[in-house]
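> What follows is a predicted structure for the sequence shown.
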Amino acid sequence: MQFITHYPSPLGDILLAADETGLTGLWFDGEKYDADHLAPEHEEKETPILGQTKEWLNIYFSGREPNFLPPIHMMGTPFQLSVWKILQKIPYGKTVTYGKIAKEIAEQRGLSRMSAQAVGGAVGHNEISIIIPCHRVVGTNGSLTGYAGGIDKKVKLLTLEHTDMQHLFLPYFSSTS
């Protein structure tokens, strides 16, 4: 059984979901894959795991690095899980490129290379944003691309963490007619 609650963050409302094992989802309202894997049968109820998650978020949004993690229950393919484990190792206030994660996955699997696009797909389907910090992943050239919650939120999260953003930039999208 999954349980849900809402968290009013400074960046917009967040939906939290958890089961008996741990946090299963943390989504900004309206995000690209908003609650894709939320069980059809769920109950709105404050649980200890959801309470711990709210406490973690209170600390985080106050501009400090939380010194604990609420219990997490990641659900995905073996490839996604391996990418998400790497995301958890990205230090607060730092960024890592999709290419670097791809290289690490390739080394783990004994491959000569791994597609950064495949890594990007797994990063983009992270169900537990912020706590599993997919916002800390950037393009090899420093582009602040790819965040299901929106690039504006990615910038605000990195700014909140006092990330050095001198080498980062917003991608420019042009339309041709």
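Okay, I see it. Please read all numbers here as calculations on a predicted model, not as lab measurements.
> ok, residue 37 - contacts?
For residue 37, the contact set (C-beta atoms under 8 Å, 6 or more residues apart in numbering) comprises 24-25, 75, 127. (Glycine included, C-beta is placed from N, CA and C.)
> Name the spans of this protein whose pLDDT lies under the cut-off.
Applying pLDDT under 70 to the predicted model, the residue ranges of the chain that meet it are 32-34, 36, 172-177.
> which residue is nearest the centroid of it?
Centroid-nearest residue in the chain: residue 129, 2.8 Å away (criterion: C-alpha atoms, centre = their mean).
> which residues sit in contact with it?
Counting by C-beta under 8 Å, 6+ apart, residue 129 makes contact with 26-28, 31, 135, 148-149.
> switch the cut-off to 7 Å
When contacts are counted by C-beta atoms under 7 Å, 6 or more residues apart in numbering, residue 129 touches 26-27, 135, 148-149.
> Restrict those residues to the buried ones and give me that as a PyMOL selection.
Those of the contacts of residue 129 that count as buried under 16 or more other C-beta atoms under 10 Å are selected in PyMOL with:
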select buried, resi 26+27+135+148+149
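> Looking at the contacts of residue 129, spot the one nearest residue 120.
Checking these against residue 120 by C-beta to C-beta gives residue 148 as the nearest, at 11.1 Å.
> Distance of the closest one relative to residue 71?
Between residue 148 and residue 71 the distance, using C-beta to C-beta, to the nearest Å, works out to 23 Å.
> got it, and residue 43?
Distance of residue 43 to residue 71, given as C-beta to C-beta: 18 Å.
> again with residue 160
According to C-beta to C-beta, residue 160 and residue 71 sit 24 Å apart.
> Of these two, which one has the most company?
For residue 160 and residue 71, the more surrounded residue by other C-beta atoms under 10 Å is residue 160, and the numbers stand at 18 against 14.
> okay, now the nearest residue to that one once chain neighbours are set aside: neighbour count?
With C-beta to C-beta, 6 or more residues apart in numbering as the measure, residue 63 is the residue that lies nearest to residue 160, at 6.0 Å, once sequence neighbours are left out. Taking other C-beta under 10 Å as the criterion, the count of residues near residue 63 is 10.
> ok, back up a step: just flag the most distant two among the contacts of residue 129.
The most widely separated members of those, counting by C-beta to C-beta, are 27 and 135 (13.1 Å).
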